Structures are given as C-alpha cells and as structure tokens.
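Chemist: my questions are about this predicted structure, shown below with the sequence.
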Amino acid sequence: MTQVYTRTSEATLLAALIQPFAERAEIEYLYWIECFDETGVCHCLKCAEEYQEEQLIKRGIVAAPYTPIAVPEDLWINSSAGFEYDNPEHCVVCGVRLYHCLSDYAKQGEYAHFIENGIDLDPDDCYDLMDALCGWGSAFMPQENNDPKLELGFQKLRMQVEELIFAKYGDSDGRTTE
Ligand SMILES: [Zn+2]
C-alpha cells in the first residue's frame, strides 16, 4: 500500500523560522584527500589544495612551466556532498563547516541535542538544525512522522525561536522591545 507522508507543521514552522539565520553560516564544500580516506578526515578545498601542494613540494614533485605533473594517487582530492555523515563535519585544518548530507542517525542526534539544550539564533547552530530538518516528513524519513515526543520538542524550539526573534527584532510593526 502506498502511503503519503506530509511534513509535520512544527518541524516546518521551525525550519522556516531559522532559515534566515542558517543562511548566514559560513559553509564550504566537503573534500577529502585520498591518503586520509579511511580515517574520515575532511577538508575544505582551499586547505585540501594547500596540503596537496605541501606534499608535492616535500616529495620534490614540482611543476615546470607548461609541463603538467602527475599527482600521486594518494594526494588526489575527491568530493561528494552526497555521502552521508554521522556528524556535522568541519575542515580539519581551518574548522569551517562543511556541506554534506547527515545520516538519519545523525539527524536524530541533532534533534535530541537541540530539544534538550535549546537554541539561540547563532548561524552555525541554526544551520545544523536546519540541515537535520532537511528532508523531514519526506518518504525517506517516514518513521519520524507523527512522533508526538519529537513534535512537542519542535514546538518548544519553535516557541523559543519566536521569542528570541521578537526580543531581537520586535513585532511586525517594526517596534523593538528593549
Ligand atoms: Zn579549511
């Protein structure tokens, strides 16, 4: 039997409220260097390229003008934002947040973390929660629909975010509450 899942209202409202803050977070695409493959070390592109260059110089592999160099396989830089990770990943060198998919396990962890600890309007926190809410209510995450405990948790977060926004930006008439 085909079942149609709809996004729950609290998760949707919460995501809409935090999106403008999440958009202020600094995010880079996720890359890894072949030699770190098994250890799950992630880089932003700038740091990956710097590491590669350093290693090439160390090994005496230097580009001559108009002569392409063969980069050894263990220094190849790869990327796939589509891979799922169990945690929000950061560049191991500069610490910038890296764009990637969270596994369902990771999403559950993020929900639990924010429901327990609350949230402020910090762009990084908003990004992490927004990222975890991404795909909410879709057919890919049907097991989470209509979970009353999560729904209550999202409601608590939504009310908290509303209060924070009101305190910071005032009501819809543009008046701020000092
Ligand atoms: Zn970096």
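Modeler: Thanks, I have the structure now. Quick caveat: nothing in here was measured; it's all calculated off a predicted structure. Residues are numbered from 1 along each chain as shown.
Chemist: correct me, but Trp32 touches Leu45?
Modeler: No - counting by Cβ atoms under 8 Å, Trp32 sits too far from Leu45 to count as a contact (10.8 Å). C-beta here means a position set from N, CA and C on the backbone, and glycine is covered the same way.
Chemist: what residues do those two have in common as contacts?
Modeler: 77, 79 (Cβ atoms under 8 Å, 6 or more residues apart in numbering).
Chemist: so between these two, which is more surrounded?
Modeler: Taking neighbours as other Cβ atoms under 10 Å, Trp32 and Leu45 compare with Trp32 leading, 22 against 14.
Chemist: any idea how far that one lies from the ion?
Modeler: 12 Å (Cβ to the ion, to the nearest Å).
Chemist: check contacts around that residue.
Modeler: Counting by Cβ under 8 Å, 6+ apart, Trp32 has contacts 40-43, 48, 77-79.
Chemist: closest one to Glu163 out of those residues, please.
Modeler: Nearest to Glu163 among the contacts of Trp32, counting by Cβ to Cβ, is Cys42 at 35.2 Å.
Chemist: quick one: residues contacting the closest one.
Modeler: Contacts of Cys42 (Cβ under 8 Å, 6+ apart): 30-32, 89-92, 98.
Chemist: ok, and the closest non-adjacent residue to it?
Modeler: Once flanking residues are discounted, Cys42 sits nearest to Glu89: 4.7 Å by Cβ to Cβ, 6 or more residues apart in numbering.
Chemist: how about the contacts made by that neighbour?
Modeler: Counted by Cβ under 8 Å, 6+ apart, Glu89 has contacts 30, 42, 97-98, 100.
Chemist: likewise for Glu73?
Modeler: Taking Cβ under 8 Å, 6+ apart, we find Glu73 in contact with Glu34.
Chemist: do Cys91 as well
Modeler: Taking Cβ under 8 Å, 6+ apart as the definition, contacts of Cys91 comprise 28, 42-44, 47, 98.
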